[in-house]
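K.L.:
next one to model:
(one chain, ligands or ions: 2)
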Amino acid sequence: MKITNICCIGAGYVGGPTMAVIAKHNPDIKVTVVDMNAARIAAWNDSDVNNIPIYEPGLSDIVAETRGRNLFFSTDVDQAIFDAEMIFISVNTPTKTYGKGKGMASDLKYIELCARQIAHVAKDDKIVIEKSTLPVRTAQTIKSILKHTGNGVQYQILSNPEFLAEGTAIRDLENPDRVLIGGDHNEEGQKAIDALVKIYEAWIPKEKILTTNVWSSELSKLTANAFLAQRVSSINAISELCEVTGADVTEVARSIGMDSRIGSKFLQASVGFGGSCFQKDILNLVYIAKSYGLTEVADYWEQVIIMNDYQKTRFAHNIIRTLYNTVSGKKIAFLGWAFKKDTNDTRESAAIYVADILLNEQAELMVLDPKVDKETIYADLDYLKTRAPEENRKLVDVSSDPYEVCKDAHAVTILTEWDEFNTYDWQKIFDNMKKPAFVFDGRNLLDAIKMKEIGFMYESIGVR
Ligand code: UDX
Ligand code: ADP
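P.N.:
Ligands and ions are numbered 1, 2, ... in the order given. Next up is the predicted model:
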């Protein structure tokens, strides 16, 4: 089966970059990314590629190369579904905020809406691919909706989880460790799998493309993220032990990481992991385990989240304690708001939760993030519903000038590991801060010796 027309529903952090790279390597396939958010589509179509809605190193170059050639962005969801032979579903699946499974299960209403829309519009056979992170057995749900509400159209459902990390999405897509495709083990299923394999083969060696059954594919995605998050929580657990014993967590991480069985990646102690995937995926895993009565399995994985929440709270409480048990009316500079460097995504960012605790103590915050705008920062705080929106605007201000952000501050906190924070004139920042001048480095980003030489009271994670 030769695919000539692809549609992707959802022009977000996953759909946008993934389709740009598929379009780049398959110039003979028309790729249309659709979204019901008209403002987002308008931004993707902005004549200046620097204004596309997602900041991701290397992405704007690929969009410049492919947009209008074989990559298109549109709000006409129905037309794109109608025209395509292959449809990727790449919509958001946030954790439920209501009803059964509240705070744990993924809200599948957007997925279900997509499936119903496909069933309504399609007139010929389609391959439907779940790309969003989803709980195991979602493919079954999609299949059931398509089968029972369709009009004789044949559907093949594949699971093709995304493993890209934000900030390195283009690198990860161009050169992935593996591509995973789950499908039915029958003749029609195999044909659909082969069609998708062909698209990836345009730039990825065949031996890196794995095919499994649908459920293994879905579960592999949750498991990969759970293992990665577990490493962060494990090293963060050790970081507190280091602080009380005098060991240095960076030395411990280096030492254990040289054991080839352990490996050196994902051992960076931090203020806590964020992002749209880790917490959601583990909560999904926990929810699935619980729903099958596997209490020990559920509790085991839930502890990764509990440790992460504890790390964020511990960081905030340490700031309060160190600043003589009160931050009321004190100015605290926040360097970083995104959940990691090189992205403008703030979902589940540790910065939001640390800020919330300090604001509850009536601190005044001044935030700088190279890629996050003021409105996003206010929206993130408002979403918590801890304070009235006016209160957030009164207590929090935003600037792009580091010297203004840190001026007269009692403390500076590093929440995101942006490279540019290392290029600041820290002597100048010190000179204009209240004394003693504290730095709480939640990313172990700055040079501790240099900071202490300048005169800062410098504290990092996992180092006494
Ligand atoms: C993750 C997975 O890595 C990716 O494969 C999947 O497709 C989506 O989820 P992402 O959330 O974009 O990607 O970023 P990632 O690099 O995994 O970082 C997640 C969080 O963990 C960030 O807040 C990061 O700062 C934190 N982290 C990561 C640490 O605190 N320490 C580390 O050693 C590594
Ligand atoms: P992700 O990180 O998974 O890509 P995002 O929230 O960045 O998540 O993107 C998901 C996109 O999917 C959003 O832009 C949202 O508007 C879009 N979306 C959700 N449901 C639908 C739908 N039924 N039809 C079209 N677009 C949708």
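
K.L.:
now the end-to-end length of stretch 65-82.
P.N.:
Chord length of stretch 65-82, first to last residue, is 26 Å (C-alpha to C-alpha, to the nearest Å).

K.L.:
just the mean pLDDT for that stretch, thanks.
P.N.:
Stretch 65-82 carries an average pLDDT of 98.

K.L.:
got a list of contacts for it?
P.N.:
7, 9, 11, 19-20, 23-24, 26-36, 38, 41, 44-45, 49, 63, 87, 117-118, 121-123, 126 (C-beta atoms under 8 Å, 6 or more residues apart in numbering). Where you see a C-beta, it was placed from the backbone N, CA and C, and this is true even at glycine.

K.L.:
show me how far that stretch is from its chain's centre.
P.N.:
Put simply, stretch 65-82 sits 25 Å off its chain's centre (C-alpha atoms, centre = their mean, to the nearest Å).

K.L.:
list the buried residues for that stretch?
P.N.:
Across stretch 65-82, burial judged by 16 or more other C-beta atoms under 10 Å covers 66-67, 70-75, 77, 80-82.

K.L.:
ok, stretch 264-273 next?
P.N.:
Neighbour-count burial for stretch 264-273 flags 266-273 (criterion: 16+ other C-beta under 10 Å).

K.L.:
now flag whichever of the residues you listed is closest to ligand 2.
P.N.:
In terms of C-beta to the nearest ligand atom, no member of the buried residues of stretch 264-273 lies closer to ligand 2 than residue 273, at 15.7 Å.

K.L.:
can you put the buried residues of stretch 65-82 in a markdown table and add distance to residue 342 and secondary structure?
P.N.:
Formatted as a markdown table, the entries for the buried residues of stretch 65-82 read as follows, by distance: C-beta to C-beta, whole Å; DSSP: H, G, I helix; E, B strand; the rest coil:
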| residue | distance to residue 342 | secondary structure |
| --- | --- | --- |
| 66 | 21 | helix |
| 67 | 22 | strand |
| 70 | 27 | coil |
| 71 | 22 | strand |
| 72 | 26 | strand |
| 73 | 23 | strand |
| 74 | 28 | strand |
| 75 | 28 | coil |
| 77 | 30 | helix |
| 80 | 30 | helix |
| 81 | 33 | helix |
| 82 | 37 | helix |
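
K.L.:
restrict these to contacts with ligand 2.
P.N.:
The overlap between the buried residues of stretch 65-82 and the neighbours of ligand 2 (C-beta under 6 Å from any ligand atom) comes to residue 77.

K.L.:
what about the helices in the stretch 201-350 of the chain?
P.N.:
Secondary structure of the stretch 201-350 of the chain, counting by DSSP state H, counting those that start in this stretch: helices at 214-245, 249-257, 278-291, 295-322, 350-360.

K.L.:
quick one: closest of those helices to ligand 1.
P.N.:
Where the helices of the stretch 201-350 of the chain are weighed against each other on C-beta to the nearest ligand atom, the nearest is helix 214-245, at 4.4 Å.

K.L.:
buried sites along the closest one?
P.N.:
Of the residues in helix 214-245, those with enough neighbours to count as buried (16+ other C-beta under 10 Å) are 214, 217-222, 224-226, 228-240, 242-243.

K.L.:
the buried residues of stretch 264-273: which ones sit near ligand 1?
P.N.:
Near ligand 1, judged by C-beta under 6 Å from any ligand atom, the entries from the buried residues of stretch 264-273 are 266-268, 270, 273.

K.L.:
farthest-apart pair in those residues, please.
P.N.:
The most widely separated members of these are 267 and 273, with 12.5 Å between them, by C-beta to C-beta.

K.L.:
for ligand 2, give me its nearest residue in the stretch 151-300 of the chain.
P.N.:
When distances are taken as C-beta to the nearest ligand atom, the stretch 151-300 of the chain reaches nearest to ligand 2 at residue 276, 5.2 Å away.

K.L.:
now do the contacts for that residue.
P.N.:
For residue 276, the contacting residues are 13, 92, 345, 347-348, taking C-beta under 8 Å, 6+ apart as the criterion.
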